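> coords please:
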Amino acid sequence: MKPYRSPYEAYPFLCDDDGDLRCDFEILTDRVASETGLLAALCPERREELLAVDKLIYHSNASLRTFFSLKPEEIDWLRERVEALRAETAGLCDRFVLPAGSPRACAAHVLRTDGKRLARLLYRYAQRGGKVEDGLFDFVNLLSGYFFLLALALNRADGVAERPFESRNYPQAR
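Alright, predicted model coming up:
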């Protein structure tokens, strides 16, 4: 039995079959883009870069339903931004840290986890037989790394020290 389709449906694919993860990917990329826009509003010194990332996230949104439209040079640009942030934050983190700190860094940590959620969703989609371009896997994984390193950079800029985390489950090699 098909469910009722509201004439006020917020998005035309919300009623997709539960085994079809394309709508889930689209909703999550919409959320990540919205969160990135919020972070851009909180980071005037990084606003243009964050809005450029935001645009790439939205370009990735329909990749499973239509076609993968991100260009190799756009993924390369994000990779370069990750490497620049890695250099900028060198020495700040050599182990697990709590996903905490300034409000801006915490927002970046939420985006970091959402990047992982996007990657996991893509892997599930591919395991069910869906076609996923390699570049889309690269992009969402780079997003997670970008936002982690950005969280470190924002904590530093906001004068908040990272708080190391010692896992009881994954002890550090001594």
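> if we look at stretch 17-28, which residues are touching it?
Identification of contacts with stretch 17-28 by C-beta atoms under 8 Å, 6 or more residues apart in numbering yields 11, 13-14, 16, 61-65, 114, 117-118, 121-122, 124-125, 128, 130. No exception for glycine: its C-beta is placed from N, CA and C like everyone else's.
> just the buried residues of these.
Neighbour-count burial (16 or more other C-beta atoms under 10 Å) is assigned, among those, to 61, 63-64, 114, 117-118, 121-122, 125.
> got JSON lines for these, with pLDDT too?
Converted to JSON lines, the buried ones among the contacts of stretch 17-28 look like this (pLDDT from 0 to 100):
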{"residue": "Asn61", "pLDDT": "96"}
{"residue": "Ser63", "pLDDT": "97"}
{"residue": "Leu64", "pLDDT": "96"}
{"residue": "Asp114", "pLDDT": "97"}
{"residue": "Arg117", "pLDDT": "97"}
{"residue": "Leu118", "pLDDT": "97"}
{"residue": "Leu121", "pLDDT": "96"}
{"residue": "Leu122", "pLDDT": "97"}
{"residue": "Tyr125", "pLDDT": "96"}
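> show me the contacts of stretch 17-28 that map onto helices.
Counted as lying in helices by DSSP state H, out of the contacts of stretch 17-28, are 114, 117-118, 121-122, 124-125.
> closest to Arg168 out of those residues?
Nearest to Arg168 among the ones in helices among the contacts of stretch 17-28, counting by C-beta to C-beta, is Arg117 at 24.5 Å.
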